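Undergrad: Need the 3D shape of this:
(one chain, ligands or ions: 3)
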Amino acid sequence: MPTVSSPSTISSLASITIPKVRCFDPANSSPAGFRHRRRSMNHDDCSPESSVSNGSVTVATDSPTPPPPPIADMKIVTGEAGYVLEDVPRLTDYLPDLPTYPNPLQDNPSYSVVKQYFVNMDDTVAQTIVVQKNSPRGTHFRRAGPRQKVYFESDEVHACIVTCGGLCPGLNTVIREIVCGLHHMYGVSKVLGIEGGYKGFYARNTITLTPKVVNDIHKRGGTILGTSRGGHSTSKIVDSIEDRGINQVYIIGGDGTQKGAAVIFEEIRRRGLKVAVIGIPKTIDNDIPVIDKSFGFDTAVEEAQRAINAAHVESESIENCIGVVKLMGRNSGFIAMYATLASRDVDCCLIPESPFYLEGPGGLFEYIEKKLKEDGHMVLVIAEGAGQELLSESMRTMHQADASGNKLLQDVGLWISQKIKDHFARTHKMAINLKYIDPTYMIRAVPSNASDNVYCTLLAHSAIHGAMAGYTGFTVGPVNGRHAYIPFYRINERQHKVVITDRMWARLLSSTNQPSFLDPKEVARKKIEETHEPETSHDQPEVATAEQNGVEHLPKI
Ligand SMILES: Nc1ncnc2c1ncn2[C@@H]1O[C@H](COP(=O)(O)OP(=O)(O)O)[C@@H](O)[C@H]1O
Ligand SMILES: O=P(O)(O)OC[C@H]1O[C@](O)(COP(=O)(O)O)[C@@H](O)[C@@H]1O
Ligand SMILES: [Mg+2]
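TA: Ligands and ions are numbered 1, 2, ... in the order given. This next block holds a predicted model:
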């Protein structure tokens, strides 16, 4: 039988990363003394709002990581053979006397046909599935899905949905499926849409969401609720939740949003409210860790193909022509990497994770010259966050951030296009033609494709089942193809990035035949670095393995 470990056991477990405590006030996080009354609080000091005003500011601030829960609040369960469950909070952790009810799904004609519909209470999902004979069983997350007992009666539920951060294909599908799932599976009719992101909780109107209102929205891009950056004021948001009598909060957003959700959850727990807080990860950049991939990512990669095709057609038709395509990807180059791998027309892909240089042997200019001599054309894909250090050297650096505290980037596409033109003009090596294509928002403003739609449906259903079962303070997502409930601190402790010493990046290098721009010493150093960061190098081999094995990446609940 698994046992709940004491803090001292936890710190001795090599497989658990206890995030560093920053901006943490134990007085405000203690589960003891829960109040139903509101108290002025100071968690807002952790929000970028305290250091950044609305709009652009002059100091770049990466979103600060919210404080992790105190070790005693982390629900770590250990079992035999190195089994570790990193469990998520439950309302009963701080409201022990909550009554339970039979899950209404057992009487639902559509679902009653399923042989074993309810998830076994001990089911967990392994984070690492490639193991050796003697490997410890390792970290697991609680499996998502419907439970036999629920902690909310249907007519008691008052849910709300908010979308935050940048757009992403599939936002409307997730909204639709939360509304319809709550209605059709659990008989819930009170669902409120919060308009305009986090600040909408206290500064905007709300929309009543019914299955009829959301019926067709999955066919549209964007979010019917609107979205925003900045404006995360924890106390005002939780006041609004309390005042409106909301008891399930579905928060759809990226890495910044999930950090915001974590502090909202902490404040709700501190106030002792029966309110479930559920994060649904959204990011076309695919920069959220632990989960296999984020919804909308596939659609964005597919849409990026159009820009790459155009660059290819243009460059092939004109002598010595270079097609340059800039794609989104602030800190993580997944869109550029996957769009390149999918297209096979790309000769060079540059991403933030892989530094490059322009001049000299092994540099970009030398490679372009070689390509033009060989083929008479080439296509270059560059992620928006690539080469920012080179831009800073040659341009006056503007340390600006958006309202959420995300660093505003210089336009690397325009910069590199100009650099290439200047190089060929200066060296008189050959007359070139360059076509620059920047699809920017076009790849994320489209409706989600069919497979993303199915994925969004499963995410929404997993989220609903978790909330109804009384789980809270978690992000839902597929881990090795199975949906799981992941504690906020695991999602927020780092950003998911392309690991350039993994096989996927090697596949890309071999498909484009581009130089790696790394000297062998640098490669050796990175390999050592990544061996010592198990979480960073963990994600990709598993994705690669699933793909190698032909395992479909369609998550199952
Ligand atoms: N560290 C943080 N603490 C609290 N709220 C945050 C934090 N970082 C971002 N947010 C809030 O989350 C929302 C979305 O963040 P943003 O970074 O713009 O997009 P995304 O969630 O897509 O990464 C914004 O309203 C922002 O104020
Ligand atoms: O909408 P904005 O503020 O121009 O932001 C553009 C940024 O949004 C993204 O599409 C996604 O960022 P988030 O997931 O953090 O919202 C980035 O790729 C891009 O840099
Ligand atoms: Mg983000």
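
Undergrad: give me every residue that touches whichever residue of the stretch 201-350 of the chain sits closest to ligand 3.
TA: Residue of the stretch 201-350 of the chain nearest ligand 3, by Cβ to the ion: residue 254 (3.7 Å). Heads up, the C-betas are built off the backbone N, CA and C, glycines and all. Residue 254 makes contacts with 164, 165, 166, 168, 281, 282, 283, 285, 287, 288, as judged by Cβ atoms under 8 Å, 6 or more residues apart in numbering.

Undergrad: OK, contacts around the residue lying closest to it once chain neighbours are set aside?
TA: Closest residue in space to residue 254, ignoring its immediate chain neighbours: residue 283 at 4.0 Å, by Cβ to Cβ, 6 or more residues apart in numbering. Residue 283 is in contact with 165, 166, 168, 254, 255, 294, 296, 297, counting by Cβ under 8 Å, 6+ apart.

Undergrad: returning to what we had before: switch the contacts of residue 254 over to a markdown table; also include pLDDT and distance to residue 400.
TA: As requested, those are exported to a markdown table (pLDDT from 0 to 100; distance: Cβ to Cβ, whole Å):
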| residue | pLDDT | distance to residue 400 |
| --- | --- | --- |
| 164 | 98 | 20 |
| 165 | 97 | 18 |
| 166 | 97 | 17 |
| 168 | 98 | 23 |
| 281 | 98 | 26 |
| 282 | 97 | 24 |
| 283 | 95 | 21 |
| 285 | 95 | 19 |
| 287 | 95 | 20 |
| 288 | 97 | 24 |
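
Undergrad: Mind checking which of those residues are in strands?
TA: residue 281 (DSSP state E).

Undergrad: of the contacts of residue 254, buried ones?
TA: Taking 16 or more other Cβ atoms under 10 Å as the criterion, what is buried in the contacts of residue 254 is 164, 165, 166, 168, 281, 282, 283, 285, 287, 288.

Undergrad: ok, the contacts of residue 254 vs ligand 1, which is closest?
TA: residue 165 (2.1 Å; Cβ to the nearest ligand atom).

Undergrad: is it true that the closest one touches residue 253?
TA: Yes: with contact defined as Cβ atoms under 8 Å, residue 165 counts as touching residue 253 (4.6 Å).

Undergrad: Now the common contact residues for these two.
TA: Common neighbours of residue 165 and residue 253 (Cβ under 8 Å, 6+ apart) are 197, 227, 282.

Undergrad: ok, residue 366 to residue 514 distance?
TA: 11 Å (Cβ to Cβ, to the nearest Å).

Undergrad: Which residue of those two possesses the greater neighbour count?
TA: Set side by side, residue 366 and residue 514 show more neighbours around residue 514, with 22 against 14, by other Cβ atoms under 10 Å.

Undergrad: And for the more buried one, nearest residue in space, chain neighbours not counted?
TA: residue 348 (4.4 Å).

Undergrad: Just the pLDDT for the closest residue to ligand 2 within the stretch 301-450 of the chain.
TA: Residue nearest to ligand 2 within the stretch 301-450 of the chain (Cβ to the nearest ligand atom): residue 328, separated by 3.4 Å. pLDDT, residue 328: 97.

Undergrad: Same question for residue 22.
TA: Taking residue 22 on its own, its pLDDT is 29.

Undergrad: go on, residue 12?
TA: Value for residue 12, per-residue pLDDT: 33.

Undergrad: Check residue 7 too.
TA: Looking at residue 7, the pLDDT reads 34.

Undergrad: ditto for residue 31
TA: 32.

Undergrad: same thing with the one 5 residues further on?
TA: As summarised for this prediction, residue 36 has a pLDDT of 32.

Undergrad: How about residue 54?
TA: In this prediction, residue 54 carries a pLDDT score of 30.

Undergrad: For the spatially most central residue of the chain, give me the backbone phi and psi.
TA: When Cα atoms, centre = their mean is applied to the chain, the residue found nearest the centroid is residue 288 (3.2 Å). Residue 288 adopts backbone torsions of phi -90, psi 130, taken as degrees, to the nearest 10.

Undergrad: Not counting sequence-adjacent ones, nearest residue to it?
TA: residue 281 (4.6 Å).

Undergrad: In contact with that neighbour, which residues?
TA: The contact partners of residue 281, taken as Cβ under 8 Å, 6+ apart, are 253, 254, 258, 288, 291, 294, 295, 475, 476, 477, 491.

Undergrad: Next up, the contacts around the residue of the stretch 51-200 of the chain found nearest ligand 3.
TA: Residue of the stretch 51-200 of the chain nearest ligand 3, by Cβ to the ion: residue 165 (5.6 Å). Residues in contact with residue 165 (Cβ under 8 Å, 6+ apart) are 197, 227, 229, 253, 254, 256, 257, 282, 283, 404.

Undergrad: Just say helix, strand or coil for the first one.
TA: Per DSSP: H, G, I helix; E, B strand; the rest coil, the secondary structure class of residue 197 is coil.

Undergrad: tell me the pLDDT at the residue nearest to it when sequence neighbours are not counted?
TA: Nearest residue to residue 197 in three dimensions, chain neighbours excluded: residue 228, at 3.4 Å (Cβ to Cβ, 6+ apart). Looking at residue 228, its pLDDT reads 97.

Undergrad: Which of the helices or strands spans residue 228?
TA: Per DSSP states H and E: residue 228 is located in neither a helix nor a strand.

Undergrad: Got the phi and psi for it?
TA: phi -160, psi 170.

Undergrad: Distance check, the residue nearest to residue 288 against residue 150.
TA: Taking Cβ to Cβ, one finds residue 281 at 24 Å from residue 150.

Undergrad: need the shared contacts of residue 165 and residue 253 in a markdown table with distance to residue 387, can you?
TA: Shown next, in a markdown table, are those (distance: Cβ to Cβ, whole Å):
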| residue | distance to residue 387 |
| --- | --- |
| 197 | 31 |
| 227 | 29 |
| 282 | 27 |
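
Undergrad: how about the strands of the stretch 451-557 of the chain, start to end?
TA: Using DSSP state E, counting those that start in this stretch, the strands found in the stretch 451-557 of the chain span residues 474-479, 482-487.

Undergrad: and of the ones you listed, who's closest to ligand 2?
TA: Here strand 474-479 is closest among the strands of the stretch 451-557 of the chain (Cβ to the nearest ligand atom), at 14.0 Å.

Undergrad: Could you report the neighbour count for residue 102?
TA: If we define neighbours as other Cβ under 10 Å, then residue 102 has 10 of them.

Undergrad: Isn't it up against residue 149?
TA: Yes: between residue 102 and residue 149 a contact is recorded at 6.8 Å, counting by Cβ under 8 Å.

Undergrad: circling back to that earlier point, what about the contacts of residue 165, which one has the most neighbours?
TA: Highest count within these by other Cβ under 10 Å belongs to residue 282, 31 neighbours.

Undergrad: For that residue, list the residues it contacts.
TA: 163, 165, 168, 170-171, 174, 252-254, 257, 294-296.

Undergrad: again, but for residue 445
TA: Taking Cβ under 8 Å, 6+ apart, we find residue 445 in contact with 167, 169, 221, 222.

Undergrad: from memory the last one sits against residue 169, does it?
TA: No: Residue 222 is beyond contact range of residue 169, at 9.1 Å (criterion: Cβ under 8 Å).

Undergrad: Which of the two has more residues huddled nearby?
TA: Neighbour count, other Cβ under 10 Å: between residue 222 and residue 169, residue 169 has more, with 28 against 18.

Undergrad: Could you measure from the more buried one over to ligand 1?
TA: According to Cβ to the nearest ligand atom, to the nearest Å, residue 169 stands 14 Å off from ligand 1.

Undergrad: and the end-to-end length of stretch 210-218?
TA: Using Cα to Cα, to the nearest Å, the end-to-end distance of stretch 210-218 comes to 14 Å.

Undergrad: buried ones in that stretch?
TA: Using 16+ other Cβ under 10 Å as the test for burial, stretch 210-218 gives 213, 214, 217, 218.

Undergrad: Report the rounded mean pLDDT for the helix or strand hosting the first one.
TA: When secondary structure is defined using DSSP H and E, the element that contains residue 213 is helix 211-214. When the per-residue pLDDT values of helix 211-214 are averaged, the result is 98.
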